Structures are given as C-alpha cells and as structure tokens.
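> A structural model of the following input is requested.
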Amino acid sequence: MPDSIRLKVGQVPAAQAAVYDEFARNIPGFKPLTDREAASITHKPGAAEPAPVAAPTNLAASEDCVAILDEVHSKLQPFIEQCTGLPPAPHMASLNQLLDSLHVARTSKEVSAVIVLIGKAVESLLEGLTPGLQTEPEMLARFRDANILVLRALADQRAYGPNWTGRQVTMALVEARDDIKWNIDAVDSLIRSNLINLYEYDKCLAACMESGTTSVIQFAMMLVKIYLIDDRSNAHIIESDLFGTIEVLSKIANHSRTPPDGLVQLVDMIKMSSERIEHDLAMSGPTAQLHSGIQQAREFEDPPGLLEKTEFLLREWVNMYHSPSAGKDSTKAFTIFVQQMNLHGLLKTDDLITRFFRMSTQMCVDLCYRALAEQNNNPTLVRAKCFHTLDAFVRLIALLVKHSGDQQNTITKVNLLNKVLGIVAGVLLIDHDVRATDFQQVPYHRIFIMLFLELNAPDQILETINFQVLTAYCNMLSILKPAKVAPGFAYAWLEIVSHRVFIGRILSLTPQQKGWPMYAQLLTALFKFLSPFLRNAELAKPVHRLYRGTLRVLLVLLHDFPEFLCDYHYGFCDVIPPNCIQMRNLILSAFPRNMRLPDPFTPNLKVDMLPEISIAPRMVTNFAALIKPSFKKDLDSYLKNRAPVSFLSELRTNLQNTSS
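Numbering: from 1, shown residues only. So this is what the prediction gives:
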C-alpha cells in the first residue's frame, strides 16, 4: 500500500485526522458544522468534563424588553392613582412598592433588579389575596390583574421569556414568608396565568408536606381538589404536574393514624375519577416513569455542550441507520452507536439519557416543521424527508428498549419505554400549547405508530413485554385524549386507536381479554369529546370527519369483535347523547357470534317466550366507580335503614348531571 495510507503504529497523523474531521463537519442533508460546534463535540482524550457555567446576573435588558416595561409602567401608574377603593395596607402599599421596583428595573436594565421586581409582584399577590380581607371583589380583581400584568410582560418572548420568568416566580413563591406562602387564591392566579414552573413547585410542595405541617397539607388538598376534582375540564394542570403531591397525599392518607379531615375521601375521589385510567390509580411503577417523562420534557436548563453532542449523535445515527452496512435490523450500526454514546458520556446517568431523548425528539419535530413549511415540494417528497429522520429515531428507541438491562429483566425495558413515551407526549403538549392552530400532528403520529409496530414485531425479547407495551400506550393515549389537553392531536389519536395492529393486539392477541377495559376507556374518552358537538347536531367539517371516523371504528368492532361491544354497551351508550340514534344502534345491534338470532319473519313469533330472553346481557361497567363516594354512602345507609325521608326528596338533585 502507498505510504500515505499504510497503517502505522502510534497516533493517527494530522493529515488523516483532518479527513475524518471533514466527514464529521459536512454530513449530506444537514447544515455544515462551524469550527466551534465541531470542537465542542470532538472528544479529547484525557480532557475533563466542562464545568457548568452559571448564568450571568448582570445581563442587560434588550431594547424590546425596556419598551415592554415602559408600556407596563405607563399603564400601571394611572391605574394605581384611580384605585381609591383599595385599603392603604397591604394593597396600596404593595402597588406603590411594585411601581417603584418597576421603575428601578426599567432604568437600571439589570437582571438583579428584574428578580427583585418579580419577588415584589409575587409577595404582593400573596399578601393582597389573603382570604378574609374586607375588599370589594371588583377592586381585588383589578389589584390581582395589575400584578399579573407585570409578570406576564416579563414572560414575553421579547423580554425574558416564559421559562426564565416561570423559574423566578416559582423561586419567589417557594422562598416567601411562611405566613403568606400557602395562599391558594394567589397560587391559583399564577397557575392559570402559566407563570409557575409546576415541575419544580410540585417537588417543593411534596417536600414540605413530608414534614407533616397541617397548613401545607390543607393547601395541597385544596390545590388538588380545585384542578383534579372540581375543574377537570381545565388545561392548566393534569395528574403528572402534581405527581409528587398526589403521591405524598396518598401516603399520608394510607399510613397516618389521624389523617386530616377529608383527605381519605379526596384520595378516593382522585382514584375513582373517570378521567383517570385504570392502571394509573397507584401512581407508581412504569406509570410514574410516564408522568416523570412528561414533567422532564419541560426542563430546559441543559449542561453546556449537550445540545451539540445530541445533534451530532442524531446525525450520525440517521446516516448509520440508512447505510447498507447497518446490518439486519440495524444491529451492527446500533453496537457502534452505543460506543459513541458512551464516548460522549451520555450513558453515564439517567438524567443525561432523558435529556438526549428530549432534545432528539425536538430536533426531529423541528425538522418536520421546516419540511412541511416548504410550499413548492411535493407532499409525498416532504413526508419522505420527514420519515427519513423519524424512522431512524424510532428504530434507535426500539433498540435501546430491547437491549436495556438483562435479557430477562423486563422492568428496565418497560420503565425506559414509559419514560420515552412520556418525553414525546410532553414535547407534544408543549408544542400544542405554543403553536396552537399551527400545530402539526405528523411527526408525533409517525413516532408513536412506528414505535408500536417496532415493539410488536416478532422477537423473542420483545414478546415478553407485549402487554406492558399495550399498557404504556393506553396510559399515554389517555393523557393525550382529545377532551383533555390536546384537541389538535385528535385525528392522529383516532388513527392510532383504530390502527389494525393496535386493535388486533389489544382485543384479540392479548390473553384473557386483559386489553378490553383499556380499549373501552379510550373509546369512552372519544365519545365524551364528541358528545357536546353531537348533542347540538351541528357538526363543523372537522368534527364531522372525526365523527365519520368514529363510526368506521364501530363498524369494524361490530364485524370483528361484537362481544366487546356487548360487554361495554352500557358504558358507551351512557356517554353518547340520546339523539345519536345511528351510533347507539351500531353498538346495541351487536350480539355474540355464537348466538343464533331468531328469524323475525317467523309466523306467530313470541319474543318474550324465547329461552334467550331470560338471560341478562353481560355488563362489565364498574357502576360503583360512577357514583360519588358521598352519595354512595348515603344511598347504602338509606337502603339499610330506610331513613332519613329527606333522602328521597333530594334524590333527583343528586342524580342530575351538572356537567351536561
């Protein structure tokens, strides 16, 4: 061989190393790396890990930020002058101090002054919204709005952004004085204004409850009751946002000798709530990983250089996946890629792996948005471009799940799968909130459905976790159900639920009909979402298309799984409006395939004389879970004692559905 390319003992010559560096910088289909980016991801033997860099505290505000603060100042000053109905202390004093802090922040243009301003606004809310103060409701609402106005202005993308502002508001809330910290009205106002980092606040609240302080537990009970019991239609808080709080409340209710009044009933109501899926009652195990993944999708303070490492590794994997030398099912490429992940230190901790998945998901989604925004391209080519990266990412997830832990250790595999599903679902929820009507379902639908197909392929290792995969998907789909927080994902959600492999796996291949309750819960969620539209019988084109898709799913079930519709007919018809005769008839016309129906044209047919008429249909709906615990207790008491008489007169009121 020529001397220039002959193998030699020792380090690689600089000329040869430059060739590999050039390959790393210029990967076909990706933007070339700059020298700085390439240096940040190039592994240097013996080099120490870079120390985290603290955020500078003397960062000057931008011109847009100063303009926003000026506008808020111009609105706030005349408002305070007109507030004659507020008491001098604490309301007027707090507003004047807020105005002074705002003036200092806009003139000094320093972050430290802005942090003081945030602390003053939070303290003002905690003091001014204290229950029991004699203040006119209208003036109190204006006082609240004045403080929220300042915080929302700082959360503007042109100022300091929602993430930074949310962290500072949460920190100010956590570090507030104990006598005002647990103010439910103030915290509720901040949550509904999206000004609190719920992940951090939940951790703090759970830690404070561990000490057993009664006031903290009462506050947590009120918070959970407001968002998870009284106002289930809200999109501000879901169970995963208060995961730690619910876990500690359940622990206190189950293990405390004298739990606070109403705590046991509250925990029972959360468990029996129809919004919660059956396998999430304990809030533990793999389901905890799912909720944890959703929470961690909201974390953005990543170690320096991790973003560049993730981008580099994702590019490498996409090229390796599509390479002819990847091997069967990409096993050869995966072996090499795991070595690269180890080399860059991404497999050192669970936190780094989680962040890698979150960043990779975001990069794949951003690539799809850029491709879909190209107007001149053929839709088929655009989808092919998107799927080029998405399918590679899905294969990587499937291989990591398959090979995580020992071959017989299914717990590690299931936990990793739930974590990844939670991360993708969390990124979806954030994307749905930020982009609103510009939200695209394509990348998420492709990730979810292709990953399900990968994990259900014939494989000796994956077959051991088939049911756990189904459970994880049902939990994830229950969180993303249209009526909850992601109506923009409704079409893709229905496509996943109605996919032939998904239906076949959950209703047919899973033994002992273990998948039936989970699938019934998903269909019930779909009917509940459609119910308000169907009740009015005025369907817009998007809703009409979803309705037709639902009818097609019912037709498939009627043809292939009529026993399933028979078992759950009561629960389904209970949530479908009475005017939906066609949909109800599709369900009610189902009968077991081993039953032979009588000929309706038989002369002198007496239906009531048929032997089958004496057999009651099987109903597996959990009626007890549909009855409120307090009403069920009163009902049992009345049936046992036939008293009090007032129970009968109040029966109609108790049975009325206030949500309809």
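
> buried sites along whichever strand or helix holds Leu428?
Counting by DSSP states H and E, the element that carries Leu428 is helix 410-435. Residues of helix 410-435 classed as buried by neighbour count (16 or more other CB atoms under 10 Å): 413-429, 431-432. For the C-beta atoms, the positions are set from N, CA and C on the backbone; glycine is no exception.

> cool, stretch 567-584 as well?
567-569, 571-573, 575-577, 580, 583-584.

> and the two most separated of the residues you listed?
Asp567 and Pro577 (21.8 Å; CB to CB).

> the helices in the stretch 201-350 of the chain, which residues?
214-224, 243-255, 263-272, 286-296, 306-321, 331-343, 350-372 (DSSP state H, counting those that start in this stretch).

> out of these, flag the one nearest Leu381.
Ranking the helices of the stretch 201-350 of the chain by proximity to Leu381 (CB to CB) places helix 350-372 first, at 8.9 Å.

> what helices or strands is the closest one leaning on?
With contacts taken as 3 or more CB pairs under 8 Å, 6 or more residues apart in numbering; DSSP states H and E, helix 350-372 sits against helix 286-296, helix 306-321, helix 379-403, helix 410-435, helix 442-455.

> tell me, what residue is most central in this structure?
Nearest to the mean C-alpha position of the chain, by CA atoms, centre = their mean, lies Gly426 at 4.3 Å.

> do I have it right that it meets Ser292?
No. If you go by CB atoms under 8 Å, Gly426 and Ser292 don't touch, sitting 9.6 Å apart.

> now the angle from the helix or strand hosting Ser637 to helix 263-272?
For Ser637, the host element (DSSP H and E) is helix 629-641. For helix 629-641 against helix 263-272, the angle by axes from the mean of the first three to the mean of the last three CA atoms, to 10 degrees is 100 degrees.

> what comes into contact with helix 629-641?
The contact list for helix 629-641 (CB atoms under 8 Å, 6 or more residues apart in numbering) reads 265, 268-269, 272, 624, 627, 644, 647-648, 654.

> adding neighbour count, pLDDT and distance to Leu539, write these out as TSV.
Output for the contacts of helix 629-641, formatted as TSV (neighbours: other CB atoms under 10 Å; pLDDT from 0 to 100; distance: CB to CB, whole Å):
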residue	neighbour count	pLDDT	distance to Leu539
Gln265	14	82	40
Asp268	12	76	38
Met269	17	77	34
Met272	17	63	32
Ala624	9	65	35
Ile627	16	76	32
Pro644	12	84	46
Phe647	17	86	41
Leu648	10	86	40
Asn654	13	78	33
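
> ok, now which ones touch the nearest residue to Leu507 once chain neighbours are set aside?
Leaving aside its sequence neighbours, Leu507 sits nearest to Phe561 (CB to CB, 6 or more residues apart in numbering; 5.1 Å). Counting by CB under 8 Å, 6+ apart, Phe561 makes contact with 503, 507-508.

> before we move on, what about Glu175?
If a contact means CB under 8 Å, 6+ apart, then Glu175 has no contacts.

> and if you look at Lys514?
Lys514 makes contacts with Phe467, as judged by CB under 8 Å, 6+ apart.

> show the pLDDT at it.
If you check Lys514, the pLDDT there is 85.

> and for Lys8?
On pLDDT, Lys8 comes in at 62.

> with Leu151 instead?
If you check Leu151, the pLDDT there is 90.

> quick one: what helix or strand has it in it?
Element membership for Leu151, per DSSP H and E: helix 137-154.

> and that helix, how far out from the chain's middle?
Relative to the mean C-alpha coordinate of its chain, helix 137-154 is positioned 29 Å out (CA atoms, centre = their mean, to the nearest Å).

> and that helix, what's buried?
Going by neighbour count (16+ other CB under 10 Å), the buried part of helix 137-154 is 140, 142-144, 146-154.

> next secondary structure after that helix?
Counting by DSSP H and E, what follows helix 137-154 is helix 161-174.

> quick one: list the elements packing against the next helix or strand after that next one.
For helix 161-174, the following helix or strand on the C-terminal side (DSSP H and E) is helix 178-181. With contacts taken as 3+ CB pairs under 8 Å, 6+ apart, helix 178-181 sits against helix 111-128.

> show me which residues of the helix it packs on are buried.
Neighbour counts using 16+ other CB under 10 Å place 111, 113-128 of helix 111-128 among the buried residues.

> send the alpha carbons of it over as CSV?
What follows is helix 111-128, C-alpha atoms only, in CSV (Å, rounded to 0.1, in the frame of the first residue of the first chain):
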residue,chain,number,x,y,z
VAL,A,111,-31.4,41.2,35.8
SER,A,112,-31.0,41.6,39.5
ALA,A,113,-33.5,44.4,39.5
VAL,A,114,-35.9,42.3,37.5
ILE,A,115,-35.6,39.5,40.0
VAL,A,116,-36.5,41.9,42.8
LEU,A,117,-39.5,43.1,40.7
ILE,A,118,-40.7,39.5,40.3
GLY,A,119,-40.3,38.9,44.1
LYS,A,120,-42.3,42.0,44.8
ALA,A,121,-45.1,41.1,42.5
VAL,A,122,-45.4,37.6,44.0
GLU,A,123,-45.3,38.9,47.5
SER,A,124,-47.9,41.5,46.7
LEU,A,125,-50.3,38.7,45.4
LEU,A,126,-49.7,36.5,48.4
GLU,A,127,-50.4,39.4,50.8
GLY,A,128,-53.2,41.1,48.9
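
> please consider this matter closed, and thank you.
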